[in-house]
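[1] Kindly return the folded structure for what I paste below:
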Amino acid sequence: QVQLVESGGGLVQAGGSLRLSCAASGRTFINYFMGWFRQAPGKEREFVAAITWSGNTYYANSVKGRFTISRDNAKNTVYLQMNSLKPEDTAVYYCAASNSYTDFRTGQCDYWGQGTQVTVSS
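    I've put the predicted structure just below:
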């Protein structure tokens, strides 16, 4: 059974930082894209960042220069370092894995985590 388990969410002041982690288990993720989405209250889920097995990265324009995605293939874990956080970054952040970038652009990923809340106070 495939599981993606996020951790690291919490409450932080604007300008602060948080690091999210997502541990994957249940299958090999060789050649899989892994990444993050977020959903704010009353809004649709949106793409945040993705990373390939070899380390190529993709970001939403809204987080470029502030967020950094990375992964440890040996640990089947993906990370999201979030700096210079803004109140508009407040959302539930979801980890996802899928075997194509198109899946991330369309939000149709194969596997999803349960989400972790990030709240940024002004």
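[2] Residue 81: how many residues sit nearby?
    By other CB atoms under 10 Å, 14 other residues sit near residue 81. Every residue, glycine included, has its C-beta placed from N, CA and C.
[3] Give me the mean pLDDT for stretch 27-34.
    Averaged over stretch 27-34, pLDDT sits at 90.
[4] quick one: the helices in the protein?
    Applying DSSP state H to the chain gives helices spanning 101-106.
[5] Could you list the buried residues of the lowest-mean-pLDDT helix or strand in the chain?
    The least trusted helix or strand in the chain, going by mean pLDDT, DSSP states H and E, turns out to be helix 101-106, with a mean of 92. The neighbour-count check on helix 101-106 (16 or more other CB atoms under 10 Å) flags 103-104 as buried.
[6] before we move on, what about stretch 70-89?
    71, 76-80, 82, 85, 89.
[7] Quick check: which of the residues you listed has the minimum pLDDT.
    Minimum pLDDT across those is recorded for residue 76, with 93.
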